[in-house]
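Q: below are the sequence and a predicted model for it; my questions follow.
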Amino acid sequence: MQLRINENIIHGDTYRGHSINNGIDSRHTCYKQSLDKIIDEIKEKTIKHSKTHVTRLDIHPPVDMDTKKQSEAMTRVIESTLRELSRRHRSSAHDPDISVLRTTEVGHNQNNQHFHLAIVSNGNAIQNGYTFHEAIKRHSDRIFKTSMSGRVNYSSSNNGTGIMINRNSTDFEEKMNQAIYAASYLAKTNTKENLRKGTHKLSISRSFNK
């Protein structure tokens, strides 16, 4: 499908030479700025590290919680996860160098705000996406003050333990494309029409380097 740019909206299934996830039958569009942030973040990591790991997670907070408080709690979950994993790797030879890309969506009934994450990290430090899933789940239970079982979902786009991009491997470009395709889900315009005023279309939280 031919790429068309109209007021920072991408219509098409490719962008900057990479396939993007714009839904079944290409019925969705994507925010150009969000796609640029996603692609730049992944490519920057592959320049810094010989291996880059990408994981996709979806979080559905309790529906009886105010949407502003849901967003504030999600921020605390991400910050707590970054602190924990950075502390865990403090004596490691490799800095995890984690970036958490986050978007917020609200269904058309405006009663089911949820969050999508793409976590990009140094693959020499973290090789398994379930490391992030378990940490996010643990901090979500504590901060949302309820069991989040079934509410912190490990995306099927992770293809097992996550997408590992090895700069020195023959499948480097293939894995890069897989990672960008998986993360591009965060850039879709659908279900972002009803977001609370001031909500970012895409935000990035990063761990502190050693």
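A: Great, that's in hand.
Q: what's the most centrally placed residue in the chain sitting at in phi/psi?
A: Residue closest to the mean C-alpha point of the chain, counted by Cα atoms, centre = their mean, is Ala118 at 1.4 Å. Per-residue torsions, Ala118: phi -120, psi 120 (degrees, to the nearest 10).
Q: now the one 3 residues further on
A: Backbone geometry at Ser121, expressed as degrees, to the nearest 10, gives phi -140, psi 170.
Q: returning to what we had before: what's the separation between the residue nearest to the centre of the chain and Met65?
A: With distances taken as Cβ to Cβ, to the nearest Å, Ala118 is found 24 Å from Met65. (C-beta placed from N, C-alpha, C; glycine too.)
Q: show me what contacts the residue nearest to the centre of the chain?
A: Ala118 sits next to Ile38, Val54, Thr55, Arg56, Val100, Leu101, Ala182, Ala183, Tyr185, Leu186 when contact means Cβ atoms under 8 Å, 6 or more residues apart in numbering.
Q: and with 6 Å instead?
A: Counting by Cβ atoms under 6 Å, 6 or more residues apart in numbering, Ala118 touches Arg56, Leu101, Ala183, Leu186.
Q: Throw those residues into TSV and include secondary structure, thanks.
A: TSV is the format used below for the contacts of Ala118 (DSSP: H, G, I helix; E, B strand; the rest coil):
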residue	secondary structure
Arg56	strand
Leu101	strand
Ala183	helix
Leu186	helix
